[in-house]
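J.: Turn this into a model:
(2 chains)
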Amino acid sequence: MRTRTWAPYALIAPTLLLMVVFLLYPIASVGWFSLRQHTVTQPWKNGFIGFENFRRMLFDDPLFWQSLVFSAKWVVVEVGLQLVLGLVLALIVNETFVGRALARSLVFSPWAVSGVLTTGIWILLYNPSTGIFQQLAQWGIGDPGTSVLGDPATVFPATVVTELWRGVPFFAILLLADLQTIPNDLYEAASVDGAGRWRRFVSVTLPHLRDAIVLSTLLRAVWEFNNVDLIYTLTGGGPANQTTTLPLYVARKAVDSHDFGYGSALTMAGFVILLFFSILYLRLSKFGSRA
Amino acid sequence: MTQTLTRPATTVEPPPAPPRRRRHRDPSRFFRLHLPLVLYLLFTLIPFYWMIVFAFRPAGETALVPWPITLEHFDTVWNGIGFGLFFQNSLIIALGTLVVVTVFALMGGYALARFKFRGQRVFLLALLCTQFIPGAMMLIPLFVIFKSAGLLNSLTGLIIADTAFQLPLALILMSGFVRNVPVELEEAAMVDGCTRLRAFFAVTLPQLRPALVAVGSFAFIGAWNNFLFALMFASRQDKFTLPVGLSYALGEFNTDFGALAAGGVVAAVPVVLVFAVVQRFLVQGLSAGAVKG
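T.: As a prediction, this is how the structure comes out:
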């Protein structure tokens, strides 16, 4: 089609405008705020302070490092488990069986549920007086125990399971979509060559899914790193800041204490980390190099 | 149905009279398919069921199948706590975002798919990069912008914020969908004397119906579920959305599980219904190559 015309620019103009005003400009202003003391509730103290926020973050704030370590643990555990379970689930619902459409709708449905609602549902399930563990104990399975969310020993697994419930369908949907693009004759050819089920999976399915796995893992890792809704409402970062991630720390600085200057410095740290790991991951996995 | 149960791999070397009924008894199929599926279904459905039981069970009871059911918890949250108003706010925001995102994504997606223009690659790269921007970390600068633009405590403001964050991915998806509609159809219509605009509305748009459903419902679900923006930018109670109302219910009514569950059901029903309808389109659309842009 014609190359020089105003039409495509007019068509993307609204998107471009929104991106500049609500994404690009805010990012730039985070950089500016990170160099300032800026607390909404104490405006008389506001002013330029250079790299003081970053000094405080790196050397005077153990919670920054603690939240960073927990963020890493959260992303690795959550994304790893979601990928494995999501792949298994995609393979299962890709088989042919009676009631498959219904089964897909049901197992994918938590994907549509918000983080806050997920929290609400699991608080009901975990609640220490009428929760699932008390019910099981009544039937003689396990012991009723205490509040899984209040106990430092169980709060992490309990939070991980909650997010898995909502997160596995994401991988399952994306990987199922990709599974359906694998031509059947590849499997037929592999069968003719005497490949068993496992061999077909390793030599046909996995290589085909490679790009989809890389892309979905990367996207999900970023989203899980940035995930705030669920942890904010489920544990609030507790007990004793044990489950505070970096973005949750930022959100609490923004929402609770309105400390915009220091919050922006933390945000800058988050940007740098995301950028670094995204580039590293794409390089290591040689994404798209096969094409 | 029995016909489809015959797996294609076995049709390559046709064994004389495939033993169809033995396939049903294949024990490995039970461990490979049925058992994990049932276990996963339990994991998915028990939490939903738990919420529904709490929502319809009179306070103080512990029956797993409550009967007779009560609607008192719904009365409490809808009229007492104000979920009726929160529901209305959420609906306005979600529908507004749906319309704006779908229209802009359609325009931009068409531009990316059907034109070659200077700066196209940069634009595409910028769209992809937006996926790395954490919404939670944008709270601070967005709050400052919204405050100076007078968009705090306004549903319009929340529609704008939701749109800005959802549009890039929606546009990428949409351009994939447009690319899948053969350009020849449009060109033929233009040869027959249609303008490009008319050709688009008469030929391409009808083919994009599944795409509009998929992208639109994505936007609807995303806006319906957004929590942090609503929490930060709409602090007045008459502008609360369902997730914000729910988060307060989590704290304030920590012991009133019936009200919490009823509020959860109110928040869940619209998105779960929307999702059940579009789930099929979603997988089809993605596998048609839309994600590869």
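J.: Nearest the middle, which residue of chain A would you pick?
T.: Chain A has residue A:224 as the residue nearest its centroid, 1.7 Å off, counting by CA atoms, centre = their mean.
J.: helices or strands up against the one helix or strand that one maps to?
T.: Using DSSP states H and E, residue A:224 maps to helix A:206-226. For helix A:206-226, the packing partners by 3 or more CB pairs under 8 Å, 6 or more residues apart in numbering or on different chains; DSSP states H and E come out as helix A:62-94, helix A:155-179, helix A:246-255, helix A:260-284. (C-beta placed from N, C-alpha, C; glycine too.)
J.: Dump the C-alpha coordinates for it into CSV.
T.: Output of helix A:206-226 as CSV, limited to C-alpha atoms (Å, rounded to 0.1, in the frame of the first residue of the first chain):
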residue,chain,number,x,y,z
LEU,A,206,8.6,-28.6,23.5
PRO,A,207,10.6,-27.2,20.6
HIS,A,208,7.5,-25.9,19.0
LEU,A,209,6.4,-24.2,22.3
ARG,A,210,9.8,-22.7,22.9
ASP,A,211,9.0,-19.1,21.8
ALA,A,212,5.7,-19.1,23.5
ILE,A,213,7.2,-20.4,26.7
VAL,A,214,10.0,-17.7,26.6
LEU,A,215,7.5,-14.9,25.9
SER,A,216,4.9,-16.0,28.5
THR,A,217,7.5,-16.6,31.2
LEU,A,218,9.1,-13.2,30.7
LEU,A,219,5.7,-11.4,30.6
ARG,A,220,4.5,-13.3,33.7
ALA,A,221,7.8,-12.7,35.6
VAL,A,222,7.4,-9.0,35.0
TRP,A,223,3.7,-9.1,36.1
GLU,A,224,4.4,-11.2,39.1
PHE,A,225,7.2,-8.8,40.1
ASN,A,226,4.8,-6.0,39.8
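J.: average pLDDT across it?
T.: Averaging pLDDT along helix A:206-226 gives 85.
J.: Can you work out which other helices and strands pack against the following helix or strand past that helix?
T.: As assigned by DSSP H and E, the chain's next helix or strand after helix A:206-226 is helix A:229-234. Where contact means 3+ CB pairs under 8 Å, 6+ apart, helix A:229-234 is packed against helix A:115-126, helix A:155-179, helix A:246-255, helix B:242-252.
J.: is any part of the shortest one close to chain B?
T.: The reference is to helix A:246-255. Yes. Residues of helix A:246-255 contacting chain B under CB under 8 Å from any CB of the partner chain: A:247-248, A:250-251, A:254-255.
J.: That helix to helix A:206-226, inter-axis angle?
T.: Taking axes from the mean of the first three to the mean of the last three CA atoms, to 10 degrees, helix A:246-255 and helix A:206-226 form an angle of 30 degrees between their directions.
J.: for the second one, same thing?
T.: Angle of helix A:155-179 versus helix A:206-226, following the same axes, to 10 degrees, is 140 degrees.
J.: Looking only at helix A:155-179, what residues are buried by neighbour count?
T.: Buried residues in helix A:155-179, counted by 16 or more other CB atoms under 10 Å in any protein chain shown: A:155-156, A:158-160, A:162-179.
J.: ok, that helix near chain B or not?
T.: Yes. Residues of helix A:155-179 are located near chain B by CB under 8 Å from any CB, namely A:165, A:173-174, A:176-179.
J.: right, and the helix or strand after that helix?
T.: Next element after helix A:155-179 (DSSP H and E): helix A:184-192.
J.: cool, and the first one?
T.: Proceeding C-terminally, helix A:115-126 gives way to helix A:132-138 as the next helix or strand, assigned by DSSP H and E.
J.: helices or strands up against that following helix?
T.: Secondary elements touching helix A:132-138 (3+ CB pairs under 8 Å, 6+ apart): helix A:115-126.
J.: So for the helix it packs on, mean pLDDT?
T.: pLDDT averaged over helix A:115-126 gives 90.
J.: What's the local residue count around residue A:88?
T.: 16 (other CB atoms under 10 Å in any protein chain shown).
J.: Same check on the one 3 residues further on?
T.: Under the neighbour criterion other CB under 10 Å, residue A:91 is assigned a count of 18.
J.: For it, give me its contacts.
T.: A:179, A:201, A:205 (CB atoms under 8 Å, 6 or more residues apart in numbering or on different chains).
J.: Name all residues that make contact with the last one.
T.: This means residue A:205. A:91, A:179, A:182.
J.: In CSV, list these along with pLDDT.
T.: Shown next, in CSV, are the contacts of residue A:205 (pLDDT from 0 to 100):
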residue, pLDDT
A:91, 92
A:179, 87
A:182, 84
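J.: what kind of secondary structure is residue B:67 in?
T.: coil (DSSP: H, G, I helix; E, B strand; the rest coil).
J.: now the stretch 151-293 of chain B, which segments are flagged as low pLDDT?
T.: Across the stretch 151-293 of chain B, the ranges flagged by pLDDT under 70 are B:252-255, B:285-293.
J.: Mind jotting down where the helices sit in it?
T.: Counting by DSSP state H, counting those that start in this stretch, the stretch 151-293 of chain B has helices at residues B:155-179, B:183-191, B:196-199, B:205-207, B:209-225, B:228-233, B:242-252, B:257-287.
J.: Compute the distance between the residue nearest to residue A:51 when sequence neighbours are not counted and chain B, please.
T.: Leaving aside its sequence neighbours, residue A:51 sits nearest to residue A:35 (CB to CB, 6 or more residues apart in numbering or on different chains; 7.0 Å). Distance, residue A:35 to chain B, using CB to the nearest CB, to the nearest Å: 14 Å.
J.: ok, now which ones touch residue A:35?
T.: A:48-51, A:53, A:261.
J.: List buried residues within these.
T.: In terms of neighbour count (16+ other CB under 10 Å), the buried residues within the contacts of residue A:35 are A:49, A:53, A:261.
J.: any chance of the residues you listed in TSV, plus distance to chain B and pLDDT?
T.: Converted to TSV, these look like this (distance: CB to the nearest CB, whole Å; pLDDT from 0 to 100):
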residue	distance to chain B	pLDDT
A:49	16	80
A:53	12	82
A:261	9	85
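J.: so how far is residue A:45 from residue A:263?
T.: 15 Å (CB to CB, to the nearest Å).
J.: Who has more neighbours out of those two?
T.: residue A:263 (27 against 11).
J.: Verify the stated contact: that one with residue B:138.
T.: No. Using CB atoms under 8 Å as the test, residue A:263 is too far from residue B:138 to be in contact (11.0 Å).
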